[in-house]
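would you be able to build a 3D model of this:
(chains A and B)
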2 protein chains.
Amino acid sequence: MSFELTILGTSSATPTLERHPSAQILGFQQNLFLIDCGEGTQLQMIRYGVRAHKIERIFISHLHPDHCAGLIGLLSTMNLNRRGPELHIYAPPRLREMIDAEFSCSEITMMYPIIYHNLEFDSIRTIFEDETITIKSIPLEHRISCCGFWFIEKKSAWKIDKTKIEGKEIPAPAYNILKQGHDFIAEDGQVLNYKELTKPNVKPSSYVYISDTIYLENIAKQLEDVDVLYHEATFLDDLKDKAISTYHTTAKEAAQFAAIANVKRLILGHFSARYNDLTPFLTEAHAIFLETILAEEGKSYLIENKEED
Amino acid sequence: MSFELTILGTSSATPTLERHPSAQILGFQQNLFLIDCGEGTQLQMIRYGVRAHKIERIFISHLHPDHCAGLIGLLSTMNLNRRGPELHIYAPPRLREMIDAEFSCSEITMMYPIIYHNLEFDSIRTIFEDETITIKSIPLEHRISCCGFWFIEKKSAWKIDKTKIEGKEIPAPAYNILKQGHDFIAEDGQVLNYKELTKPNVKPSSYVYISDTIYLENIAKQLEDVDVLYHEATFLDDLKDKAISTYHTTAKEAAQFAAIANVKRLILGHFSARYNDLTPFLTEAHAIFLETILAEEGKSYLIENKEED
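Below is the predicted model:
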């Protein structure tokens, strides 16, 4: 498993009895990323067993309340629970002003560091990178500045072939050298040839989150090797005019986006409160892109590159 | 029935799987009052069938997130649902600053008027009054400026005695005059004597909400004729030191408060997340004040003066 995605909210601006405001958890290695944090996110996290202290980075797509009104409660609970480690928040620049006003009026002093990273909205940009992952922001077009997010696992170019090292004594420092495609020379002068001991690594897994936007074909064309795409589908296509005027996407358009981006699977979410039965969203999308499912709250999805052995 | 109280949240600062942040609905005649509005209040309202458009006045005890973080979402939903009538909010002065910052950063333009009424914290004060009700704020002592609220139904001093008006022709304008304890002189000169046609009215119903405070005996002594008291009971009495240092009350103290205020019934709420089993709260309170119950989310309580016929 590379990523584990847990959906916490599937509603659009107005919640319903079954659907909560936008939020999802992306598990990666030992850490959790929180993507959007609508009202009630900390309650949904409790309901579905997500541990708040494991959240290392939070990504806020835009500053409408259904995507960020749960932050003040979550940050405050982390404070009460004596969080120590710093928390990184990637968000539109004015989020900090909002949070500062809330904490100032509540007279709450934060006991752990919050590091704000301002999103920019002109192009796809790398906003975080280490040896295991690259995270990019994707500019969207909504009524207010808005970004999607792209999570790309990093893998070495080569992986150790277990069948080929059987019976051989490989010094511990050799593994990383070999995986990078270099020969390793041991202290006794013996040469370990990387081509003899490794095989090419498969492509890394990747996940894209597209929230609150008009249909953006231009962005779809810039994505590649995406395993799972979550795309907002606020309306069905018979309300396309309403989708355009409110800067949202229809299920049909989300499927078109998935087809052009050539993703492996599409998850639809962010459904308008006007719909009780969501089956038509699936029907509409399936006509264009068969590997579509509807986001379900509390459900977790494995995101892995199927070519992996 | 005079009031109908529906509990939406019974947790203290940190919510749990079963307990949500503070909020309750007080139904009075055709209107609803919302008392506190912690995160997720609009979701709890949907869950328990409370209609947001019927809310006429909102009362916020203090600006900690577990008492007001749900406001931005609720006000925003009212906006999306095209609320027309003005909304009155009674709250500490800085609430407006908080809400303004949130709406400014979210770039949301409110389409209905919000009228802010600033609470004061020096004494019990009347904050609203019309011909049917008096609403007062009660100064509390918490880590931040905080008020409780007191809702007192108004009744005329006299009520029409149906057995005495049988067979008599009473002009419509006479009723209100008689109920105020005045004789009515009809156009033909006939005098209707109020003492002959009415009987003394019973005392009105009243409800008191006391949230987030250290134990305040002095306030208990100032209350009178309270039918139902909701009092916070964050801790059991073995954590009295913690209650004092965090400016909260224990179940035992809440019961003492109820006994001194001579209320008819006590409802305990605002329980710390550390307690799974709440039975000891009831045991502790019952030793001092028998008419105590524990607040249950989603449950409604009739508040009426039992002397009423």
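
stretch A:92-105: how far from the chain's middle?
When C-alpha coordinates are averaged (C-alpha atoms, centre = their mean, to the nearest Å), stretch A:92-105 and its chain have centres 24 Å apart.

ignore the last one, stretch A:61-76
Using C-alpha atoms, centre = their mean, the offset of stretch A:61-76 from its chain centre is 16 Å.

helix, strand or coil for the closest residue to chain B within chain A?
Closest to chain B within chain A is residue A:101: 3.5 Å, counting by C-beta to the nearest C-beta. To be clear about C-beta, it is placed using only N, CA and C from the backbone, and glycine gets the same treatment. Three-state call for residue A:101 (DSSP: H, G, I helix; E, B strand; the rest coil): helix.

what about it, how many residues close to it?
For residue A:101, the neighbour count with other C-beta atoms under 10 Å in any protein chain shown is 20.

how about the helices in the stretch 151-300 of chain A?
A:162-165, A:174-179, A:194-197, A:217-220, A:240-245, A:251-261, A:279-286 (DSSP state H, counting those that start in this stretch).

check contacts around the residue lying closest to residue A:215 once chain neighbours are set aside.
Nearest-residue entry for residue A:215: residue A:253, 3.9 Å, with adjacent residues in sequence omitted and distances by C-beta to C-beta, 6 or more residues apart in numbering or on different chains. When contacts are counted by C-beta atoms under 8 Å, 6 or more residues apart in numbering or on different chains, residue A:253 touches A:215, A:233, A:237, A:240, A:243.

do residue A:42 as well
With C-beta under 8 Å, 6+ apart, residue A:42 has these contacts: A:52, A:70, A:73, A:74, A:77, B:15, B:39.

just give the closest residue to it, not the sequence neighbours.
residue A:74 (4.5 Å).

and the one you found, that's in a helix?
Yes. Per three-state DSSP, residue A:74 lies within a helix segment.

correct me, but residue A:37 touches residue A:23?
Yes. Using C-beta atoms under 8 Å, residue A:37 is in contact with residue A:23, at 5.4 Å.

what do those two both touch?
residue A:70.

the more surrounded of these two?
residue A:37 (33 against 29).

can you check the pLDDT for that one?
Note for residue A:37: predicted pLDDT of 98.

once you drop chain neighbours, what's closest to it?
Sequence neighbours aside, residue A:70 is the residue nearest to residue A:37 in space, at 4.4 Å (criterion: C-beta to C-beta, 6+ apart).

tell me the contacts of the residue of chain A closest to chain B?
By C-beta under 8 Å, 6+ apart, residue A:101 lies in contact with B:97, B:98, B:101, B:102.

now with 6 Å?
The contact partners of residue A:101, by C-beta atoms under 6 Å, 6 or more residues apart in numbering or on different chains, come to B:98, B:101.

quick check: it vs residue B:115, distance?
According to C-beta to C-beta, to the nearest Å, residue A:101 and residue B:115 sit 21 Å apart.

same check, this time on residue A:48
From residue A:48 to residue B:115 the distance is 39 Å (C-beta to C-beta).

those two: which has the busier surroundings?
A side-by-side neighbour count of residue A:48 and residue B:115, using other C-beta under 10 Å, places residue A:48 first with 15 against 10.

coming back round to it: pipe the contacts of residue A:42 into CSV and attach distance to residue B:154, secondary structure and neighbour count per row.
CSV is the format used below for the contacts of residue A:42 (distance: C-beta to C-beta, whole Å; DSSP: H, G, I helix; E, B strand; the rest coil; neighbours: other C-beta atoms under 10 Å in any protein chain shown):
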residue, distance to residue B:154, secondary structure, neighbour count
A:52, 47, helix, 17
A:70, 40, coil, 32
A:73, 37, helix, 27
A:74, 43, helix, 23
A:77, 41, helix, 21
B:15, 36, coil, 25
B:39, 34, coil, 34
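
which of those lies closest to residue B:137?
Residue B:137 has its nearest neighbour among the contacts of residue A:42 in residue B:39, at 23.3 Å by C-beta to C-beta.

hang on, isn't that closest one packed against residue B:21?
Yes. Contact criterion C-beta atoms under 6 Å: residue B:39 and residue B:21 qualify, at 5.2 Å.

which residues does the least confident helix or strand in chain A by mean pLDDT contact?
Of all helical and strand segments in chain A, the minimum by mean pLDDT, DSSP states H and E falls on strand A:158-160, at a mean of 83. The contact list for strand A:158-160, computed with C-beta under 6 Å, 6+ apart, reads A:179, A:181, A:198, A:201.

also stretch A:219-230?
With C-beta under 6 Å, 6+ apart as the test, stretch A:219-230 has contacts from A:124, A:203, A:205-209, A:257-258, A:260-261, A:263-267, A:303, A:305.

then stretch A:135-142?
Counting by C-beta under 6 Å, 6+ apart, A:62, A:119, A:121, A:124-128, A:146-148, A:150-151, A:212-214, A:247 sit against stretch A:135-142.
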